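K.L.:
this is the structure alone, sequence omitted:
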């Protein structure tokens, strides 16, 4: 036999690969197996079955590959192998997408840890669309089976009719994979509920934003994403509703962007700052295995001041409410304050509910605050109006205050055929917020007969008077049927037959027991013939049992009707946050949108507008409480009088005693003695009435500590020194040891807290230094006036130095009183009048504190510290000058006098140096324009351009003789 022809190996491989691609595995060019032959009708039926999630004789679910596969070798006579698989592959892919969606949803519902409400709501919305796509296949199968025209369905026709199903299935799978991070399904996942909720809502929000502008065949994608977004956001809105309208954080799964600090109660001073904290999110966790774009850069960011400027942390707040996140937290805390105040004061009534939509506090029911609707319900109605008809529902509610209270609005809404009008009217009717026909007013009520009236009253009292009857679910479900069929109540009621007389027939007894001996001769008839055979207590007990059975089972034979595709919300009576949202979601799934508004418009018109109105109303309410009931400005005026030395004589006696003790070098480290002097000063003051409680103001001495934390002896307790250096032993810094503490009444201490009192003390410490400098200079001037017969040159020189110091101290004191005491207070009052919330009130007060700190140069800033150092040096020079005059007034020897002259020269030189530095720095900052308020200080110090010309050039510092001539001999040369 001859050898077969040998072909080129390379060409053989190419031909074999081509044949394999054309025909797949098996014997090529062979006749197909006849048992695998099928027709197009059977293929169409099998395709429709896998689209519904079922395997068939031609297709099966591959568990390993997680996809639908066709049986190997199937064919039809009029289609090639390639054409057949090209057609059925698109159906298998759509069926695979739907099956994978079902698998993911089942994994969510059956996960070991209970999924948070937002994820469950998203899975429920996905199930709705999964059912819708599969119902399309079911309807197509039913249509084909009922077709009697003899028309054979084809795969190409099926592909045309199910094109929306195929594209929708693919889009839904992409959304599901993008919205649920894969890390959630890991056993050791550390993904928190708040982070998961944030990712789901932000992904749907961004995805909806991407498709909302696409028209022409893409409306279904917008409709599907809108439905998923609405269904997923509803649990979050319910949490916001309880927080904004009740002041209650109802967040058992910890989904919200803030959380409660249980360690801080509402009556604590740090309640406002530490009671409810923003929840931080670890954005990097969401990037693991997630195909959705990262939203870390878009999250609301807050600056953690403790970590320094520039270091930002993302808070777990959805994109659509990040701008008002802080306002939302503040509104709920304000409600808690308002609710807590009546419990601790003699004010009126308990908290009933506060809303900004015209509802009376004593009428509003819990959860029904926006024109009788909850926040989630009004969101759904507004969405139906905006998307379905382009109506802005917020304008109706905001302008008419309360929908059910305006007859014109009610009639116009009732007569409208718009979907949102029907939703609103049906909801208000079912909530019985305005009058409607009674179920007994249509002629079906029992008007006559004692039994019927009694039974009707019983039904009204028990099951039908409530929207949900837990003890009898059948009655709950059948309320609508019972309301429409009042004539059948008597027939359905079997309570009258519960007390049938027991069988006691004498004839029957004789027939059974007639042969027995000793049988008694009972009376004939039943026991009802001769009265009851049991006592009164047994009779009353049987009556109570009968009434209880009537209440539990008024209609024991009643069964609910069954309908296909009946939603639970339609089966049960009206339920808050359930019935209306369910109806709107069902409507959104099948309606034709009039427009495709951006998600930012949807959220603004349907959610944040209502939230902002409620936030503003709560802000106005808390401000009214602050200003009128809690007297905030009066309390701040007390702080102003104490710490800014605004009262003329409130602390006059106390400061005089302290200054004298400092001059004499006496110890003053006894807190009890200091407080005794302080209370005496307050009692003797005309402004003592400012303090509601005299003991509310106390003074103490701070303890100095070294680097190791050991207490050091304070300057107040140093032993007495010789007379020449007594005043210098403590110095100006000794006044920093005084710490005044004023007990601010609650809840005003939320504003003037311990940190604010600390800042007040810093300002007060500086003002006390200025006051002491003026005190010692006035004292020194009196001594100098008594010794005006001294040598002329020394006398005039001392007067010149004293005038320089006194002019600076007086000018600076006037500047402080004008800017700090008056102008800053006026700005505070203006800021308080413009504030809209407690947060803004706190911010205005903090700006006020910063302003007076800056104007008194006690802010923690390097430049301001340099300026403050020079000012403190000048104040210290005033104290040195006072010590010199104290020494000279006692009749010192010539050596001491010479030394004192040298000290006066030193004081003058240091004063001139400090003035030159201050004018340079202050003029530079003034020219730059950073702090315009310094213009007043420069003008007062440099009066008549004494130290600096109007062009900014420092004058040559003059000698005492030239200064004398410039100031005028008439003033400095007086000896009388």
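P.N.:
Now that the structure is in, tell me what you want to look at. Nothing here was measured: the structure is a model prediction, and the numbers come from that model.
K.L.:
show me what counts as buried in the helix or strand containing residue 757.
P.N.:
Secondary structure assignment for residue 757, by DSSP states H and E: helix 754-786. For helix 754-786, burial by neighbour count (16 or more other Cβ atoms under 10 Å) applies to 756-757, 759-777, 779-781, 784. Just so you know, the C-beta spots here come from the backbone N, C-alpha and C atoms, and that holds for glycine as well.
K.L.:
what segments of the stretch 201-350 of the chain are strands?
P.N.:
When assigned using DSSP state E, counting those that start in this stretch, the strands of the stretch 201-350 of the chain occupy the ranges 258-260, 276-278, 301-303, 312-314.
K.L.:
by mean pLDDT, show me the worst of the ones you listed.
P.N.:
Looking at those, the lowest mean pLDDT belongs to strand 301-303 (a mean of 38).
K.L.:
before we move on, the earlier item: and the next helix or strand past the helix holding residue 757?
P.N.:
helix 792-816.
K.L.:
which helices and strands sit right next to that following helix?
P.N.:
Counting contacts by 3 or more Cβ pairs under 8 Å, 6 or more residues apart in numbering; DSSP states H and E, helix 792-816 packs against helix 754-786, helix 862-888, helix 894-928, helix 934-941, helix 960-967, helix 969-972.
K.L.:
now the ones you listed as CSV including distance to residue 632 and mean pLDDT?
P.N.:
Listed next are the helices and strands packed on helix 792-816 as CSV, based on distance: least, Cβ to Cβ, whole Å; pLDDT from 0 to 100:
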stretch, distance to residue 632, mean pLDDT
helix 754-786, 13, 85
helix 862-888, 29, 83
helix 894-928, 34, 78
helix 934-941, 29, 74
helix 960-967, 49, 43
helix 969-972, 49, 38
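K.L.:
out of those, nearest to residue 329?
P.N.:
Nearest of the helices and strands packed on helix 792-816 to residue 329, taken as Cβ to Cβ: helix 754-786 at 20.0 Å.
K.L.:
next, the angle from that closest one to helix 862-888.
P.N.:
Using axes from the mean of the first three to the mean of the last three Cα atoms, to 10 degrees, the direction of helix 754-786 lies 30 degrees away from that of helix 862-888.
K.L.:
picking up where we left off before, could you name the helices and strands sitting against the helix holding residue 757?
P.N.:
helix 632-643, helix 652-664, strand 738-742, helix 792-816, helix 838-855, helix 862-888.
K.L.:
try it again at 6 Å.
P.N.:
helix 792-816, helix 862-888 (3 or more Cβ pairs under 6 Å, 6 or more residues apart in numbering; DSSP states H and E).
K.L.:
quick check: angle from that helix to helix 838-855?
P.N.:
30 degrees.
K.L.:
could you check the angle helix 632-643 makes with helix 754-786?
P.N.:
Using the same axes, to 10 degrees: helix 754-786 against helix 632-643 is 40 degrees.
K.L.:
now render the helices and strands packed on helix 792-816 as TSV, adding distance to residue 328.
P.N.:
Putting these into TSV (distance: least, Cβ to Cβ, whole Å) gives the following:
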stretch	distance to residue 328
helix 754-786	25
helix 862-888	37
helix 894-928	40
helix 934-941	40
helix 960-967	65
helix 969-972	66
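K.L.:
tell me which of the ones you listed lies nearest to residue 323.
P.N.:
helix 754-786 (27.6 Å).
K.L.:
averaged pLDDT, the strand or helix carrying residue 89. What do you get?
P.N.:
Per DSSP H and E: residue 89 is located in helix 81-109. Average pLDDT, helix 81-109: 91.
K.L.:
does anything pack onto it? Which helices or strands?
P.N.:
helix 40-51, strand 67-70, helix 117-145, helix 163-179.
K.L.:
return the most buried member of the ones you listed.
P.N.:
Using mean count of other Cβ atoms under 10 Å, the stretch among these with the greatest mean number of neighbours is helix 40-51 (a mean of 22).
K.L.:
next secondary structure after it?
P.N.:
strand 59-62.
K.L.:
other residues contacting that next one?
P.N.:
The contact list for strand 59-62, computed with Cβ atoms under 6 Å, 6 or more residues apart in numbering, reads 46, 50, 55, 68-70.
K.L.:
one more time with 10 Å, if that's ok
P.N.:
43, 46-47, 49-51, 53-55, 67-71, 74, 88, 91-92, 95-96, 99 (Cβ atoms under 10 Å, 6 or more residues apart in numbering).
K.L.:
for it, buried residues please.
P.N.:
59, 61.
K.L.:
strand partners (parallel or antiparallel) of that strand?
P.N.:
strand 67-70 (antiparallel) (DSSP bridges).
K.L.:
any idea of the mean pLDDT for the partner strand?
P.N.:
90.
K.L.:
before we move on, what about stretch 558-566?
P.N.:
67.
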